[in-house]
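Colleague: I need the structure of the sequence given here:
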Amino acid sequence: MLPEDVLAHPAVQLTEDQRQHYFAQGYVALPNAIGSGWTKKLQAASRELVEESRRFSSSGNVFELEEGHSAESPRLHRVYSPQDHHPVFWDFIRSEEMTALAADVVGPDVKFHHAKLNLKSARGSRGFDWHQDIQAWPHTDYSPVTIGVYIEGCTADQGPLAMVPGSHHGKLYSMYDEVGSFAVRIAPEELEWLDDGAVDAPTGPAGTAVLLGCRTIHGSVRNRSLRDRPLLLVVYSSADSFAYTASPIDSPRLGEIVRGSPARYASFDIRPCELPPDWARQGYGGPWKRQQAAEQTQVSDTRRAAAGND
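Modeller: As a prediction, this is how the structure comes out:
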């Protein structure tokens, strides 16, 4: 569904100012959007998944392990598709609280695409480079929204989501690096225009939600605190928006209508979108490893260039 069509419907959960902020800036932050009843359930479910990760020594389809992970001291980047591994997450994803938020920015008929739980473990878990989301899972329009929920809250030293306001109105950047790997990062030389003072990194208590548009430039820095930063990220779209590539994060629930009715016609936004690799054949793998590889390539190129100038 296109923005003008979404705005023709009255808001359910957001104030009109909040909804206008989302469409004007590409995101909106909502402290205390999710009540303590849900956050306590999500906290307990997250702890159970972390406990389960103790059995694993390498990353796989469920757990993306952080350097230094062990059975004695679990450290996680991410849990893929948590809704398929603990019932609390699926109950929450299709709850009134979440689907009403989604409906206010994608329209009354809401489709689920995928979810992940980013743990960002304490004491140095790396952040995520500047990027845009939609190039990893293109749709027929740009309605997809990621709703991020800080399960235990987030402070400035924990590496909160950081957004570039208004960047969704600009270009879509390539997510491929110099050697053709889908690195899920924008090349630094492409962002020389970016003023760090213009970046917004909202924080808040447990239950704070961030609605993030799929074209908005965003990232995060390292978690330098002594506390983990669990952030549940759920992607919804309008029911009439259809993914035309395989999802990097698959689930039996992909494409399920969680609010309203299925679509009879597709919505189209003719602005082009870069295509990702064929995830069905290649598999998604860990984006942090690809970003590290891209950074190492850039450092090597810089050193070679410097050596050539001596």
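
Colleague: all strands of the stretch 151-300 of the chain, in order?
Modeller: Listed in chain order, the strands of the stretch 151-300 of the chain (DSSP state E, counting those that start in this stretch) span 162-163, 208-213, 218-220, 231-238, 257-259.

Colleague: residue ranges in the protein under the pLDDT threshold?
Modeller: Scanning the chain for pLDDT under 70 picks out the ranges 286, 288-310.

Colleague: mind putting the strands of the stretch 151-300 of the chain into a markdown table with distance to Phe112 and mean neighbour count?
Modeller: In short, each C-beta sits where N, CA and C put it, glycine included. Shown next, in a markdown table, are those (distance: least, Cβ to Cβ, whole Å; neighbours: other Cβ atoms under 10 Å):
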| stretch | distance to Phe112 | mean neighbour count |
| --- | --- | --- |
| strand 162-163 | 23 | 22 |
| strand 208-213 | 15 | 25 |
| strand 218-220 | 21 | 22 |
| strand 231-238 | 6 | 26 |
| strand 257-259 | 5 | 19 |
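
Colleague: adding distance to Ile93, write those out as a markdown table.
Modeller: Converted to a markdown table, these look like this (distance: least, Cβ to Cβ, whole Å):
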| stretch | distance to Ile93 |
| --- | --- |
| strand 162-163 | 22 |
| strand 208-213 | 13 |
| strand 218-220 | 21 |
| strand 231-238 | 5 |
| strand 257-259 | 7 |
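
Colleague: wait, which of these is closest to Val105?
Modeller: Val105 sits nearest to strand 208-213 of all the strands of the stretch 151-300 of the chain, at 5.9 Å, using Cβ to Cβ.

Colleague: helices or strands up against the closest one?
Modeller: Here strand 208-213 touches strand 27-30, helix 96-106, strand 145-150, going by 3 or more Cβ pairs under 8 Å, 6 or more residues apart in numbering; DSSP states H and E.

Colleague: partners of the closest residue to Asn61 other than its chain neighbours in the sheet?
Modeller: Among residues not flanking Asn61 along the chain, Tyr80 sits closest, at 6.3 Å (Cβ to Cβ, 6 or more residues apart in numbering). On the basis of DSSP bridges, Tyr80 is bridged to Lys116.

Colleague: ok, now which ones touch Tyr80?
Modeller: 61-64, 116, 249 (Cβ atoms under 8 Å, 6 or more residues apart in numbering).

Colleague: again, only this time at 7 Å
Modeller: Tyr80 makes contact with 61-62, 64, 116, 249, according to Cβ atoms under 7 Å, 6 or more residues apart in numbering.

Colleague: which of the residues you listed lies closest to Leu212?
Modeller: Comparing the contacts of Tyr80 against Leu212 with Cβ to Cβ places Lys116 closest, at 13.2 Å.

Colleague: Thr99 contacts Lys111, correct?
Modeller: No - look at Thr99 against Lys111 with Cβ atoms under 7 Å: they stay out of range, at 10.3 Å.

Colleague: comparing these two, which residue is more hemmed in?
Modeller: A side-by-side neighbour count of Thr99 and Lys111, using other Cβ atoms under 10 Å, places Lys111 first with 27 against 24.

Colleague: doesn't Gln135 make contact with Cys214?
Modeller: No - judged on Cβ under 7 Å, Cys214 makes no contact with Gln135 at a distance of 9.1 Å.

Colleague: okay, those two: which has more neighbours?
Modeller: Comparing Cys214 with Gln135 by other Cβ under 10 Å, the one with more neighbours is Cys214, at 26 against 21.

Colleague: tell me the spacing between Met163 and Gln13.
Modeller: 20 Å (Cβ to Cβ, to the nearest Å).

Colleague: what helix or strand does Glu48 sit in?
Modeller: Using DSSP states H and E, the element containing Glu48 is helix 36-53.

Colleague: which SSE is immediately downstream of that helix?
Modeller: Using DSSP H and E, the helix or strand that follows helix 36-53 in sequence is strand 63-65.

Colleague: neighbours around Glu274, how many?
Modeller: Residues contacting Glu274 under the criterion other Cβ under 10 Å number 15.
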